[in-house]
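>>> here you go, sequence then predicted model.
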Amino acid sequence: MRTLLLGLAMSLLMGSLLALTSLDARSRTVLDLDAQVQPVALQDWGDYWIDSTGKFTPEQVAATPDIPWKPTRADAIYPVTSGSSMWVRFNVPPAPDSERWYLEVPYPSIDRASLYTLDGAGQWNEQRAGDLVAVNTWPVPHRHPLLPIALSAETPSNYLLRLENGHAFSAPLQFISEGRLSYSEQRVSLILGIFFGLAGLAALISALGAVSLRDTAYGFYALCVTLLALTQATVTGIAGLHLWPAWPGWSDVATSVLPMLTVSAMLLFISAAVALPERSPRLHWLMVGQAALGALVAVLLALLPAASRMDVFIPIMLILQFSGMLVMGWAWRRGDRFAPWLMLAYVPVLVAAGWTMARNAELVPIGFLTQHGMQLGVALHLPIVMLVLMLRSQQRRENIRRIQGLDRVDPATGLINGHVFAERLIRMIARSERLRHQSAVMIIDLVNTEQIQRDFGRKAAEELPLRVAERLLSTAREIDSAARLSERRFGMLVEGPFNAEDAGTLGPRIVARCLMPYKGLHVDCVAQVHVAYALVPHQGSNAQGLLTQLEERLAAAPAEGKRAVFMLGEPQPLRPVRRDRPKAA
């Protein structure tokens, strides 16, 4: 009985192993070149082997029976490095040969892809593509390797594929028909055309802004966008196909050199955009040094072997990107109004760049995000940065106008100063004489600032002249002029024509406007003003003399009197003379 039970258990165990083995054998997907479902992935239909010596020929591979082949997988990351090669063997089952098919390697940065076909004479014919092969010599010049395969409707076709790359390879191998390829390329060309059109427009506008506005931030951003567009052209295969199809060596190193130069230009742009030379010259020169370091590393990457590039590229890239974000955060903490928007603009770019570097570090396989994530990130990045640059330029122009107008405008209120007021008074008198009508010049004094300071504090007293300036601007017409002559004195030029009765209403209207409550202040915190005015040229044509007489008229007005409006030329009330009583004997 014991022997029987042991035999039964062994039988069940062997049956389970055989079932699992047969299940594994049945689980491999049969390659079916169905024209209705494309692209057709190789999946696990093929077998791969890593040749660590990199010296095997297709004849040796076909003649060596003890090669440890393993099934291919669509999402696998194959550990290929410099000096080694990856061999993939597969056969294409009988399929209709009415349409031409291609083996597609959707990885533009692969060093070399060689497809070997056995002809009738027993010789292996090679088709070669990749970065180390000039694009104009490929069997089908394309953005990535595209190798024609021959189909037979009766017998299967056997192929060997050799892949060489400087670091791990993770692109899925797939098959696509000629008709489907045309449709797919039209769609991809539309997406890439929109992207490169947007990048080209941003670079052109930035270059024009740098010349017309003399703003270095625009110049650095034009350089940054140009390098960014060239990087994406290299990553997507557009550059190798159209820009340098006969330079295979540069196509190989450009995928590392151009991103490093782009980050260096980005650091210079960030420094200029947040006004780092004015905020902190020391930090600015640190950013310049980091940009120079990025440029030197770019030169080093062009000289290093492919297997060592990622070991240098990834840490330096992370350090420079992190440094740029830190500087924008530093500027934000110190009041830069555009730094947070720049940080927001760079978030999608950094996320996409992180995903791409994860692919280069053999952490994730090639997919939609690794191929097109950077283009999506840049498409979100460009409009935000261009808007920030336009708002920044507008603010700079306003600041320049204010600085240039300090000798003509009061910086606190925006009103013209006394010098400009006197010039405009001279011109108004001459204009009134020529047109034979009356205009008015007014001097307004704020007389209750000391009382406001006692009752409501120093802050309210300092704010009150600004509120008076606001009321004067709301009272004046577009052709009138309002000026701040001193800390508590204002002036107005009121263009005619009007008569004496109309002129008499100007002063009371200004007094009433100033006595109205101010938003944000106590209801009793109002401005009490005295107004002295004169009609020109009726009461004088000498501008300086009129201003002196009006100032004297206000100085003669009693501070505690109820009257607030005074006209030049009217009789002044006599001040009561104090008489001392005779002392008693």
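Nice, thanks for sending it over.
>>> C-alpha only now, for contacts and for neighbours.
OK.
>>> quick check: Q453 vs A527, distance?
Taking CA to CA, to the nearest Å as the measure, Q453 falls 12 Å from A527.
>>> what's L204 in contact with, if anything?
Neighbouring residues of L204 by CA atoms under 8 Å, 6 or more residues apart in numbering: A222.
>>> next secondary structure after the helix or strand encompassing it?
Per DSSP states H and E: L204 is located in helix 178-213. Note on helix 178-213: by DSSP H and E, the next helix or strand toward the C-terminus is helix 216-235.
>>> so Q528 sits against C514, correct?
Yes. In this structure, Q528 is within contact of C514 by CA atoms under 8 Å, at 6.8 Å.
>>> out of the two, which sits in the more crowded spot?
C514 (22 against 18; other CA atoms under 10 Å).
>>> just the pLDDT for the more buried one.
Listed pLDDT for C514 reads 90.
>>> got a list of what it touches?
Contacts for C514 were tallied using CA under 8 Å, 6+ apart; they are V468, R471, V526, A527, Q528, V529.
>>> tell me how far it lies from I67.
Counting by CA to CA - C514 and I67 are separated by 98 Å.
>>> now do L296
Relative to I67, and taking CA to CA, L296 is found at 44 Å.
>>> swap in A483?
For A483, the distance to I67 equals 94 Å [CA to CA].
>>> so what does the helix or strand hosting G294 touch, helix or strand wise?
Using DSSP H and E, G294 maps to helix 281-303. In terms of contacts (3 or more CA pairs under 8 Å, 6 or more residues apart in numbering; DSSP states H and E), helix 281-303 is packed against helix 248-273, helix 276-279, helix 306-333.
>>> quick one: buried residues of it?
Under the neighbour-count criterion of 16 or more other CA atoms under 10 Å, helix 281-303 has 284, 287-288, 290-295, 297-299, 301-302 buried.
>>> what's the angle from that helix to helix 248-273?
170 degrees (axes from the mean of the first three to the mean of the last three CA atoms, to 10 degrees).
>>> next, the angle from helix 281-303 to helix 306-333.
Using the same axes, to 10 degrees: helix 281-303 against helix 306-333 is 160 degrees.
>>> ok, and what's touching helix 281-303?
So helix 281-303 is in contact with 253-254, 256-258, 260-261, 263-265, 267-268, 271, 276-277, 309, 312-313, 316, 320, going by CA under 8 Å, 6+ apart.
>>> output the contacts of C514 as JSON lines; include the columns pLDDT and secondary structure.
Shown next, in JSON lines, are the contacts of C514 (pLDDT from 0 to 100; DSSP: H, G, I helix; E, B strand; the rest coil):
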{"residue": "V468", "pLDDT": "90", "secondary structure": "helix"}
{"residue": "R471", "pLDDT": "89", "secondary structure": "helix"}
{"residue": "V526", "pLDDT": "89", "secondary structure": "coil"}
{"residue": "A527", "pLDDT": "90", "secondary structure": "coil"}
{"residue": "Q528", "pLDDT": "90", "secondary structure": "coil"}
{"residue": "V529", "pLDDT": "91", "secondary structure": "strand"}
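>>> ok, those residues vs A113, which is closest?
Comparing those against A113 with CA to CA places R471 closest, at 78.5 Å.
>>> that older thread, who's more crowded, A483 and I67?
Ranked by neighbour count (other CA under 10 Å), A483 and I67 place A483 first, with 27 against 13.
>>> which other helices and strands contact the helix or strand harbouring the more buried one?
Here A483, judged by DSSP H and E, is contained in strand 481-484. Counting contacts by 3+ CA pairs under 8 Å, 6+ apart, strand 481-484 is packed against helix 418-435, helix 458-475, strand 489-494.
>>> now, of those, which is deepest in the fold?
strand 489-494 (a mean of 23; mean count of other CA atoms under 10 Å).
>>> chain center to that strand: distance?
Centroid displacement of strand 489-494 relative to its chain, using CA atoms, centre = their mean, to the nearest Å, is 47 Å.
>>> tell me the strands beside that strand, with direction?
strand 439-446 (antiparallel), strand 481-484 (antiparallel) (DSSP bridges).
>>> ok, M328 to M386 distance?
17 Å.
>>> have a look at the two and say which one is more surrounded.
Legend: neighbour count by other CA under 10 Å for M328 and M386, higher for M328 (23 against 18).
>>> shouldn't the more buried one be in contact with M343?
Yes. Using CA under 8 Å, M328 is in contact with M343, at 6.5 Å.
>>> let me see the contact set for A543.
By CA under 8 Å, 6+ apart, the residues touching A543 are A422, L425, I426, I429.
>>> from A440, how far out is it?
For A543, the distance to A440 - CA to CA - is 12 Å.
>>> wait, G373 sits on L350?
No. With contact defined as CA under 8 Å, G373 does not count as touching L350 (10.4 Å).
>>> pull the CA atoms of stretch 375-395 into PDB?
Extracted C-alpha coordinates of stretch 375-395, given in PDB (Å, rounded to 0.1, in the frame of the first residue of the first chain):
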ATOM      1  CA  GLN A 375       6.800  66.600 -26.600                       C
ATOM      2  CA  LEU A 376       3.600  66.700 -24.500                       C
ATOM      3  CA  GLY A 377       5.500  68.400 -21.700                       C
ATOM      4  CA  VAL A 378       7.100  70.900 -23.900                       C
ATOM      5  CA  ALA A 379       3.800  71.700 -25.600                       C
ATOM      6  CA  LEU A 380       2.500  72.600 -22.100                       C
ATOM      7  CA  HIS A 381       5.700  74.400 -21.100                       C
ATOM      8  CA  LEU A 382       6.100  76.800 -24.100                       C
ATOM      9  CA  PRO A 383       2.800  78.800 -23.800                       C
ATOM     10  CA  ILE A 384       3.300  79.400 -20.100                       C
ATOM     11  CA  VAL A 385       6.800  80.600 -20.400                       C
ATOM     12  CA  MET A 386       6.000  82.900 -23.400                       C
ATOM     13  CA  LEU A 387       3.100  84.400 -21.300                       C
ATOM     14  CA  VAL A 388       5.500  84.900 -18.400                       C
ATOM     15  CA  LEU A 389       8.100  86.600 -20.600                       C
ATOM     16  CA  MET A 390       5.500  89.000 -22.100                       C
ATOM     17  CA  LEU A 391       4.200  90.000 -18.700                       C
ATOM     18  CA  ARG A 392       7.700  90.400 -17.400                       C
ATOM     19  CA  SER A 393       8.600  92.600 -20.400                       C
ATOM     20  CA  GLN A 394       5.500  94.700 -19.800                       C
ATOM     21  CA  GLN A 395       6.500  95.200 -16.200                       C
END
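>>> would you mark the buried spots in it?
Buried, per 16+ other CA under 10 Å, within stretch 375-395: 375, 377-382, 385-386, 388-389, 392-393.
>>> just give the nearest non-adjacent residue to I384, would you?
A345 (5.8 Å; CA to CA, 6 or more residues apart in numbering).
>>> next secondary structure element downstream of the helix or strand encompassing that neighbour?
Using DSSP H and E, A345 sits in helix 339-360. Using DSSP H and E, the helix or strand that follows helix 339-360 towards the C-terminus is helix 368-404.
>>> how about JSON lines for the contacts of C514, with distance to T226 added?
Shown next, in JSON lines, are those (distance: CA to CA, whole Å):
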{"residue": "V468", "distance to T226": "52"}
{"residue": "R471", "distance to T226": "51"}
{"residue": "V526", "distance to T226": "59"}
{"residue": "A527", "distance to T226": "58"}
{"residue": "Q528", "distance to T226": "62"}
{"residue": "V529", "distance to T226": "61"}
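>>> P93: which of the residues you listed is nearest?
R471 (89.4 Å).
>>> distance-wise, check that closest one relative to V420.
From R471 to V420 the distance is 20 Å (CA to CA).
>>> same check, this time on C224
Distance, C224 to V420, using CA to CA: 46 Å.
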